[in-house]
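K.L.:
okay, structure incoming, though there's no sequence with it:
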């Protein structure tokens, strides 16, 4: 997740909608349009399918914890989930040598109440892994693709809240908060500036978040042969740079997909102590600026948009100079250094220099 730096050229729709509690208790009172399917049964009475997609790479212990928590949540919410939805977990392991994730998942298969499909993707790069997962989910004819990373774990009602929000708002994309679970207590300036946390929103708002950790996608948005002729939903070119998930979600929204937030569908992410170092945060800030410019240049090519991006980078640089007084404060000094790394990443991208981080 990239919480450092400023967002690009986009317009936010901050219209408020009812909370998830209002959705569950009396959805008819809202009067919201549901142009798409509002029933969880398909035309022949079968339960609609939901694919839970998990890419993994050398994290067998956290993957096992995630699978057990999903299994516990499904058991806890039975029969409400089973009456309406058919769930299946898809795991794609990107470790071509050890395959620890695949092996651990296979060992758990019999104990899980949810069906499990394990995929091995030897080609390095997260885009290859995500594309294999999407292809498998669409081949299974899933209505919704629910994505979570292998170092995250969900709240108990995560699945239900995401699905209820998607159905209620006729949403094509639903994103939820990723809450940090710190191994050690972080400095106050990290907390105050939301470097690892999402700024709280109300359910139904348009989120300024583009990622696939804790995100739901409606399959209708992914089966367009003209939009994805080679079944490359996640850009392979960005697979080692980063930003492939942001590229997809921004492209879908740009083409008219409806993106909403679900505040109640939180997942948690482990943050080890080394990720709190200024060195790590600086590298992440550089990546956000660098990869962000790359995928946005792909979404908005041409001289016009290029000039706008360069102009914004110059503006951010001038603003950064004007804020140099922050160097006098220990906490603000670190934030000032991270902002500089974002700007460095942007200017490197303008010069055609991109770093591989994966």
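P.N.:
Perfect, I can see it now. Computed from a predicted model, the values in this text were never measured in an experiment. Numbering: from 1, shown residues only.

K.L.:
leaving out sequence neighbours, find the closest residue to residue 171.
P.N.:
Of all residues not flanking residue 171 in the chain, residue 260 sits nearest, at 4.6 Å (CB to CB, 6 or more residues apart in numbering). Where you see a C-beta, it was placed from the backbone N, CA and C, and this is true even at glycine.

K.L.:
element containing that neighbour?
P.N.:
Assigned by DSSP states H and E, residue 260 falls within strand 259-261.

K.L.:
tell me the strands beside the following helix or strand past that strand, with direction?
P.N.:
Toward the C-terminal end, the helix or strand that comes next after strand 259-261 (DSSP H and E) is strand 267-271. Here strand 267-271 is paired, per DSSP bridges, with strand 152-154 (antiparallel), strand 178-182 (parallel).

K.L.:
give me whichever of those is most buried.
P.N.:
Per residue and on average, the most neighbours among the strands paired with strand 267-271 fall to strand 152-154, with a mean of 22 (mean count of other CB atoms under 10 Å).

K.L.:
residues contacting it, please?
P.N.:
By CB atoms under 8 Å, 6 or more residues apart in numbering, the residues outside strand 152-154 that reach it are 65-66, 69-70, 73, 148, 178, 213-214, 265-270.

K.L.:
ok, of those, which come out buried?
P.N.:
65-66, 69-70, 73, 148, 178, 213-214, 265-269 (16 or more other CB atoms under 10 Å).

K.L.:
what is the lowest-pLDDT residue among these?
P.N.:
Lowest in pLDDT among the buried ones among the contacts of strand 152-154 is residue 213, which has 85.

K.L.:
run through who's touching stretch 338-345.
P.N.:
Taking CB under 8 Å, 6+ apart as the rule, stretch 338-345 contacts 4-6, 195, 278, 281-283, 285-293, 313, 316-317, 320, 323.

K.L.:
meant to ask about stretch 245-257
P.N.:
With CB under 8 Å, 6+ apart, stretch 245-257 has contacts from 10, 130, 172-173, 210-213, 215, 217-218, 221, 227, 233-235, 238, 259, 291-292, 295-296, 298-299.

K.L.:
show me these that map onto helices.
P.N.:
Residues of the contacts of stretch 245-257 located in helices (DSSP state H): 130, 291-292, 295-296, 298-299.
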